[in-house]
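Colleague: Model the following, please.
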Amino acid sequence: MRREFRESAIQFTGKIRSASHHSVSPRLVGWSVVVGAAAGFVASVFRLILQTMLHAVMHLYRYVIPGRPWIVAMEIVIFIAFGWCIAALIRSDPLIKGSGIPDVEKRLRSSAPLHFPWFRVLWKKIVGGILAIGPGAFAGREGPSIQMGACVGMGFSAITMTTRTYRRELVAAGAAAGLSAAFNAPIAAVLFVTEEIYSRFTLNIGLASLAAALSANAVSSSIFGIEPVFSLPHVIKPPISSYWSIGALAVLLGMLAWAYEWTLLRSSKAYDLLHLPLAVRTFVPLLLTIPVGLLAPDLLGGGNATVTSIGNSHHALWVLLVFLAVRFGISQITYGSGSPGGIFLPILTLGALAGASWGAFLNVQQLWSGGTDAATLMIIVGMSGLFGAVSKAPLTAIILVTEMTSYDLLMPLGFATLISYLVYDAMGGKPIYDALGKPVDSATLRPSD
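Modeller: Prediction:
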């Protein structure tokens, strides 16, 4: 009896060792949890600083500047100084330009060994991102958070001998952790890494990303709470009879996605034509926030305040269209400047504004019979549809918006995202981060910069 038990025990432990060797190492998952916690902390602190700065800036425009207009002159001086500092950081390390996602994408997809100056990129991205986004620029925190998370993953893989064979997996895990902490969306973070950044699913990448994303989400939730990023009124599921209006919005979103990609890929050419040095380019987006802040402070920042405002207030159709045009134009100018900042949240915000505009039109024309306010539903649909098309990552878009709004609207989100994706694809649209990674990252800074 004892002999049989011993043989069974030996067979069982042998199976465990075989499974550990041939599938996913517990060591990799364990270190992914550590990377996720560290990256989640870094991204959460970055998010907290940006959030605090934006609230202070919006308070300044609403309550302080109206009685003290001379403060605007001080703002201009400060923003010019910020621009010079950002330019100096970019000159010293061009890897911190833009969102950072295309750079992470290229490194993870390449078969070459992963090596980059992770600590230098990390701290310069944090400082540059705070200076570029904090004053209210139309840029998102998620791109920098993903690059920061990748740097944390690289750092752990470089300093920990036990993880050197898992370098690529830990960098991917760090990227997922950064996005998870930025939006409190762990499942969408895993999907984005496998669907868009790494472009394929492997068991190691999937489980490492999941472990890191959950760990990062635990850290960010302890700081920001478990409430969704977007606080919107309650929405009920629309009846099938109303899906024609969702489909029509999806077609418009597909065309808007194509226009967004076309202009974004050419956004730096205006600066080139004007022969503006880098130090001037970086403070132009900051200066553009001043008139926006004076007229409509809710439009400032990556877009959280904008989405919350249009979702909880009834705006006229023409106002929403003006908001859409302003956000579209200045977002492109901001990215074209090369300042650190993402396009993830700005794309979601443009989708929300497009959806709100369509919903307002349906309400005015009395074409909506969905049983709830059309604008709020279309805001949610618009975010998923536009991001899913531009990124060509529809599953990520659907789950991301679901996690960020906490609404069970998978059917309309899937319907709209699929149609907008097909329209965008038919118009020749490419995955935005793939497209950005080709021409932009290969450009070198001119000596005059």
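Colleague: so what's residue 304 closest to, chain neighbours aside?
Modeller: residue 229 (6.6 Å; C-beta to C-beta, 6 or more residues apart in numbering). For every residue, glycine as well, the C-beta is placed using N, CA and C.
Colleague: Domain-wise, how is this structure divided?
Modeller: The record's domain parsing of the chain by automatic domain parsing lists 24-224, 240-437.
Colleague: now those in TSV, with distance to residue 234, mean pLDDT and mean neighbour count?
Modeller: Formatted as TSV, these follow (distance: least, C-beta to C-beta, whole Å; pLDDT from 0 to 100; neighbours: other C-beta atoms under 10 Å):
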stretch	distance to residue 234	mean pLDDT	mean neighbour count
domain 24-224	19	90	22
domain 240-437	8	89	21
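Colleague: now those domains in CSV, with distance to residue 233?
Modeller: As requested, the domains of the chain are exported to CSV (distance: least, C-beta to C-beta, whole Å):
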stretch, distance to residue 233
domain 24-224, 20
domain 240-437, 5
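Colleague: hang on, residue 158 in a helix?
Modeller: Yes - counting by DSSP: H, G, I helix; E, B strand; the rest coil, residue 158 is part of a helix.
Colleague: In contact with it, which residues are there?
Modeller: Contact partners of residue 158, counting by C-beta atoms under 8 Å, 6 or more residues apart in numbering, are 118, 167.
Colleague: From what I see, the residue nearest to residue 304 and residue 183 are in contact.
Modeller: Yes - look at residue 229 against residue 183 with C-beta atoms under 8 Å: they come within range, at 5.5 Å.
Colleague: quick one: common contacting residues for the two?
Modeller: Joint contacts of residue 229 and residue 183 (C-beta under 8 Å, 6+ apart) are residue 404.
Colleague: for residue 301, helix, strand, or coil?
Modeller: Quick answer, by three-state DSSP: residue 301 is coil.
Colleague: Now it, what are its backbone angles?
Modeller: Main-chain dihedrals, residue 301, degrees, to the nearest 10: phi 90, psi -170.
Colleague: separation between residue 109 and residue 431?
Modeller: Residue 109 sits 12 Å away from residue 431, taking C-beta to C-beta, to the nearest Å as the criterion.
Colleague: name the helices or strands packed onto the longest helix seen in the chain?
Modeller: Assignment by DSSP state H gives helix 26-59 as the longest helix of the chain. Where contact means 3 or more C-beta pairs under 8 Å, 6 or more residues apart in numbering; DSSP states H and E, helix 26-59 is packed against helix 118-133, helix 142-159, helix 167-183, helix 203-224.
Colleague: so can I have JSON lines of the ones you listed showing distance to residue 345?
Modeller: Listed next are the helices and strands packed on helix 26-59 as JSON lines, based on distance: least, C-beta to C-beta, whole Å:
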{"stretch": "helix 118-133", "distance to residue 345": "10"}
{"stretch": "helix 142-159", "distance to residue 345": "6"}
{"stretch": "helix 167-183", "distance to residue 345": "8"}
{"stretch": "helix 203-224", "distance to residue 345": "15"}
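Colleague: Show me what whatever helix or strand residue 383 lives in is packed against.
Modeller: Element membership for residue 383, per DSSP states H and E: helix 374-391. Counting contacts by 3+ C-beta pairs under 8 Å, 6+ apart, helix 374-391 packs against helix 243-264, helix 304-312, helix 344-364, helix 394-405, helix 410-426, helix 432-437.
Colleague: what's the closest of these to residue 72?
Modeller: Ranking the helices and strands packed on helix 374-391 by their distance to residue 72 (criterion: C-beta to C-beta) puts helix 304-312 first, at 20.4 Å.
Colleague: counting contacts, what elements does that closest one pack onto?
Modeller: Helix 304-312 is packed against helix 317-336, helix 344-364, helix 374-391, with contacts defined by 3+ C-beta pairs under 8 Å, 6+ apart.
Colleague: Repeat the analysis, applying 10 Å as the threshold.
Modeller: In this structure, helix 304-312 packs against helix 26-59, helix 317-336, helix 344-364, helix 374-391, helix 394-405, with contacts taken as 3 or more C-beta pairs under 10 Å, 6 or more residues apart in numbering; DSSP states H and E.
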